[in-house]
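Visitor: Fold the following for me, if possible:
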Amino acid sequence: GTQPAETEPVGTQPVETQPTDGMTLKQLLRAGGTIGLVILGLSMAMVALIVEHMLTIRRKSLMPDGLADSVSSLVATGRFSDAERLCRERHSFLGSVLAEGLAEAPLGYAAVEKSMEDASAEQSARLFRKIEYLSVIGTIAPMLGLLGTVWGMIVAFQEFATKLNPPVSELAPGIYQALVTTLMGLGVAVPALAAFAIFRNRIDELVAEASLTAEHAWAGFKRTSLGLAGGQTRPQASGGKSQSDRRRERRVPPVAIERPEEPST
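Guide: Model (predicted):
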């Protein structure tokens, strides 16, 4: 018997599967259209922001090594101007907080503490506003993906309005664009929101540590300002007299002593 001839579908199978192999970025962008380009721009901005935050929101950037110890030594000797100049030169979160406190040093520790608290709150707000752009990107990107999805479905169903029985090949481009823009939007939103959460937690941790470091730098000045350094005691009320002295000064009311009557003669 003769062997059956080879059928043509064997040779044409690679041709049928070829369009689904190795989708490139260029093909994705072409399928996404204008909305896909906007999402691509957001992804580039997201990467740039993440890299910048990784370089700036660090412990060494917010709290330079040796700054707190140097300021503490200068404050102990009363060189507030030199300490403030040092903080201004080494610009950082800790430096800004200490510099604001040094400006109020002549008014006492209470004014220093209040000034540092205000400076810490201001610097913290700046850091949180800085990373807020990642949250904005994470919110806008899926919305743009949804917009592309709706637009793609409109294009697909438009074929039904213009033609009675449109072929699948004419419906596929619209549906394809809808799925691609959704994928691109979610692909940008997920890492953007994850990075925002990570940097937010890092800022909370570093701000708390920097505030505590600033308070430790003023520990000696605090004791001196409150009159507790060198074994001094707080002034006592009532002219410096203690409670025991005031107790001694209390006079016991006189007690009347009855004398016995003399016998009459």
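Visitor: Neighbours of C87, how many?
Guide: Other residues near C87 come to 25 when the count uses other Cβ atoms under 10 Å. Glycine gets a C-beta too; all of them are placed from N, C-alpha and C.
Visitor: That one: what's it in contact with?
Guide: L67, V71, G95, S96, L98, A99, L102 (Cβ atoms under 8 Å, 6 or more residues apart in numbering).
Visitor: who wins for neighbours among these?
Guide: Neighbour counts for the contacts of C87 peak at L98, which has 31 neighbours (criterion: other Cβ under 10 Å).
Visitor: tell me the contacts of R200?
Guide: By Cβ under 8 Å, 6+ apart, the neighbours of R200 are F128, I131.
Visitor: That one in helix, strand or coil?
Guide: Assigned with DSSP: H, G, I helix; E, B strand; the rest coil, R200 falls in the helix class.
Visitor: Next one: it relative to V188, how far apart?
Guide: 19 Å (Cβ to Cβ, to the nearest Å).
Visitor: What is the nearest of the contacts of C87 to T77?
Guide: V71 (11.2 Å; Cβ to Cβ).
Visitor: from what I can see that closest one touches A83, true?
Guide: Yes - assessed by Cβ atoms under 8 Å, V71 is found in contact with A83 at 4.8 Å.
Visitor: intersection of neighbour lists for those two?
Guide: L98, L102.
Visitor: What residues of stretch 48-57 count as buried?
Guide: Neighbour counts over stretch 48-57 (16 or more other Cβ atoms under 10 Å) mark L49, I50, H53, I57 as buried.
Visitor: want to try a markdown table for the residues you listed, with distance to H91 as columns?
Guide: Formatted as a markdown table, the buried residues of stretch 48-57 follow (distance: Cβ to Cβ, whole Å):
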| residue | distance to H91 |
| --- | --- |
| L49 | 21 |
| I50 | 23 |
| H53 | 17 |
| I57 | 15 |
